[in-house]
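Engineer: Quick one: sequence plus predicted model below, questions after.
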Amino acid sequence: MLLDDLNQSQRDAVLCCDCPSLVIAGAGSGKTRVITYKIAYLLEQGYEPWSILALTFTNKAAREMRERIGKLVNEEQARMLWAGTFHSIFGRILRYEADRIGFTSDFTIYDTSDSKSLIKTIIKDRGYDEKKYKPSAVLAHISNAKNSLILPVAYRNSNRLLERDRAQQMPEISNIYEEYMQRCKKSNAMDFDDMLVYTWLLFKDDPDVAQRYQEKFRYILVDEYQDTNYAQHQIVLLLTNNQQRVCVVGDDAQSIYSFRGAKIDNILNFQKLYNGVKLFKLEQNYRSTQTIVSAANSLIQHNVQQIRKDVYSRGNVGDPIEVCKAYSDVDEANIVVRKIRNLVAKHNIRYQEIAVLYRTNAQSRSLEDAFRKQNVPYRIYGGTSFYQRKEIKDVIAYFRLIVNPYDEEALKRIINYPNRKIGETTLNKVMQAAMANNLSPWEILMHPDLVDVNNPTKERLKSFADMILSLREIALTQDAHSTGLAVVEKSGIKDDIFRGREPEDLSRQENLQEMMDGMATFVQDRVETDGGYMLTHYLSEVSLLTDMDEDDTEGDNKVTLMTVHAAKGLEYEAVFVVGLEEELFPSQMSMDSPRQIEEERRLFYVAMTRAKQHLFLTYAKRRMKYGITSDCEPSRFLKDIDNRYLKSDKPEMPSFKDIVSRPTFIPQRPRTVAQMPPSNFIKVRKPVSSPQPAVAPNSVNGLTVGTIIVHERFGEGVVEKLEGSGLDAKACVRFQNVGTKQLLLRFAKFTVKR
């Protein structure tokens, strides 16, 4: 019956389970549906859920996959699937097998800022020229090497890499790379690239472990295969080279992340790597009009490197695509605003159903000016995410150090925040003592007499270490929320953040309040569903959040402004693609490389196929570049589109003011928020790690299958199953809005509906 929901191509792809399969899914063709239905079909065919491995690129995609499978089969089976991002799944495996690769299971995960900080320290310690050795540039070289599985020894033996480094006046990168990996390991830490490298090493160097996981995962599915890098590709090969039950899904026409290490060759050459591969093409587009689909086809056919397909739509023909020529970038922005107003007024389209896409972030300035002046609401998609805000990162650094005191980067971040008079000089002496005694910085703090500082400073170091030790004790006995409250109180963060009353200070206070509220919800959810709720569990969850997973807050009726890269996977009723000029889109950096030009064309293809009903393409005759107004040529990609699908819009005559001057930047008025006195900071609750058992009607005797309950957070639901008794009694409840939850009754907060 599941198969009745699929078209013939989707059905064929789902039913193929006995040989390797490659599913090329055109834009809007139901890729996610095929993956979820295939997993549901495998479960119906007798596969155990824990024997299926599904790898995605975002937490959002993994959640959506689980939710859909839960609806198709059941929530319990969906929960038992090994479904998640490459990093979350491999991180899980590495924690199980940590001792085999020289780590402990509580290793820390370094983010980009941690890695840059450590590299900066190494550069400084080695006396290299900090102007030449920029941490971000060095980290990029190291990251690219890791994604290509080039370890330090191989790096040092590569004439090509060494010559490149010398040409860029950074001949010592190989030494930095080697020390960086050594110090990460000494700190019991991995960066995101290491999680791939060590998984590959684990499977490559330990045949017994590799065989165990090959036998465990009877079927492997990989989403967005065109975005895999060499390391991810090699790990998939190691896991599947024996049983060959693998299905990869993607679209080579949407391969746009080579700058992150993605290799389009992985999907283009897939059929050569396995025996008897079956190719399936999903060519029916369910998103866009026939005109938009046909225009995108005519564009992408100019690429040589591709698996050819003929995407079609059975929707309405739709309006022609408007090509708008502007006199300048200012004029272009005003044209966009005018057309947006027209869409809202005449087509009943809401602002939130409209997106403006650009090739580079810098292009947003003129657009924002026009939107502000004409009072059109907008948002920049992909701004600073919650967990990247300073105050949140500071608290998380405390959490990391509490869980893993050997985390050098966390220690350096917060040892003097809030100010404890442990300055840079003292910190440097701690680091020097650590190197001299072959100890970690934390071990030095435990023995401050080893540091060449005066007695008051030694006391401050000891006081900091004692505080961390006391918080470690709390973390071992209390839940994550209670520990979080203790951290912000004992560390002085609460007092520091609540000292100010400026709008910026209030924003920081709201962020901290939100974090604590989120931790409370995390703990309660985990307690009620019988999951881990300690600080280590919370930290594991938040540490894997990526820049690819944006805050999808709904309800704001605003036009979305973003880069084309950020738009992948999204869709809008109306889309504007701006700045379609040579050396801008395609990018100037791609001009000398046919391969890169093809990726730029794929990027434009992605931009076009975000639109459902209306698509506008704009370019300017002149644009400000390096302080000079320069003439621009229309993008070659406009010529690639078949003229049958285009309608040229007459350029509007700019006002005299637009010609002689650029608009003055008018910043938005800071939003004001109600002031919250420190006394209203989160109330200290009784730790939920040892709550009192619920009384009737929350007892199992008060519930029967079919009972309707009202949960504090999940709302109204019906009891579908009861199991256990006494303190271990559980109820499987299907809620109206949040799906099925399994509640541990002695902790669950609900009432029986009368």
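Structural biologist: Perfect, thanks for sending it.

Engineer: contacting residues around the closest residue in space to residue 106 that isn't next to it in sequence?
Structural biologist: Distance criterion Cβ to Cβ, 6 or more residues apart in numbering; nearest residue to residue 106, sequence neighbours excluded, is residue 404 at 5.6 Å. For the C-beta atoms, the positions are set from N, CA and C on the backbone; glycine is no exception. By Cβ atoms under 8 Å, 6 or more residues apart in numbering, residue 404 lies in contact with 106-108, 188-189, 410.

Engineer: can you rerun that using 6 Å?
Structural biologist: Contact partners of residue 404, counting by Cβ atoms under 6 Å, 6 or more residues apart in numbering, are 106, 108, 188.

Engineer: partners of the one helix or strand residue 575 maps to in the sheet?
Structural biologist: Element membership for residue 575, per DSSP states H and E: strand 572-577. Strand pairing for strand 572-577, using DSSP bridges, gives strand 354-358 (parallel), strand 611-625 (parallel).

Engineer: Comparing those strands, which yields the minimum mean pLDDT?
Structural biologist: Lowest mean pLDDT within the strands paired with strand 572-577: strand 611-625, a mean of 89.

Engineer: give the contact list for the residue nearest to residue 82 when sequence neighbours are not counted.
Structural biologist: Once flanking residues are discounted, residue 82 sits nearest to residue 53: 4.6 Å by Cβ to Cβ, 6+ apart. Residues near residue 53 by Cβ under 6 Å, 6+ apart: 82, 217, 220.

Engineer: Distance of the residue lying closest to residue 262 once chain neighbours are set aside relative to residue 464?
Structural biologist: Nearest in space to residue 262, with sequence neighbours left out and distances taken as Cβ to Cβ, 6+ apart, is residue 227 at 4.7 Å. Using Cβ to Cβ, to the nearest Å, one gets 43 Å for the distance from residue 227 to residue 464.

Engineer: more crowded one of these two?
Structural biologist: A direct count of neighbours by other Cβ atoms under 10 Å for residue 227 and residue 464 places residue 227 higher, at 25 against 20.

Engineer: is it true that residue 416 touches residue 426?
Structural biologist: No: counting by Cβ atoms under 6 Å, residue 416 stays clear of residue 426, with 8.3 Å between them.

Engineer: more neighbours, the two?
Structural biologist: Under the criterion of other Cβ under 10 Å, the comparison of residue 416 against residue 426 puts residue 426 first, with 21 against 16.

Engineer: Let's see the pLDDT reported for the more buried one.
Structural biologist: 94.

Engineer: Could you do residue 683 as well?
Structural biologist: pLDDT at residue 683 comes out at 35.

Engineer: got it, and residue 535?
Structural biologist: So, for residue 535, pLDDT stands at 94.

Engineer: How many residues are close by it?
Structural biologist: Neighbour tally, residue 535, other Cβ under 10 Å: 28.

Engineer: try the one 5 residues further on
Structural biologist: When counting by other Cβ under 10 Å, one arrives at 17 neighbours for residue 540.

Engineer: Next: residue 734.
Structural biologist: 14.

Engineer: for the stretch 551-700 of the chain, which spans come out with low pLDDT?
Structural biologist: The model of the stretch 551-700 of the chain has pLDDT under 70 over residues 551-555, 624-629, 649-700.

Engineer: Could I get the full set of strands for it?
Structural biologist: Remark: strands assigned in the stretch 551-700 of the chain by DSSP state E, counting those that start in this stretch are 559-563, 572-577, 611-625, 628-631, 646-649.

Engineer: now those strands in JSON lines, with mean neighbour count?
Structural biologist: Listed next are those as JSON lines, based on neighbours: other Cβ atoms under 10 Å:
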{"stretch": "strand 559-563", "mean neighbour count": "22"}
{"stretch": "strand 572-577", "mean neighbour count": "24"}
{"stretch": "strand 611-625", "mean neighbour count": "22"}
{"stretch": "strand 628-631", "mean neighbour count": "10"}
{"stretch": "strand 646-649", "mean neighbour count": "15"}
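
Engineer: hmm, which helix or strand of the protein has the shakiest average pLDDT?
Structural biologist: Every helix and strand in the chain was compared by mean pLDDT, DSSP states H and E; the lowest is helix 656-660, with a mean of 35.

Engineer: quick one on the thing from earlier: the residue nearest to residue 82 looks like it's in a strand, true?
Structural biologist: Yes: applying DSSP: H, G, I helix; E, B strand; the rest coil, one finds residue 53 inside a strand.
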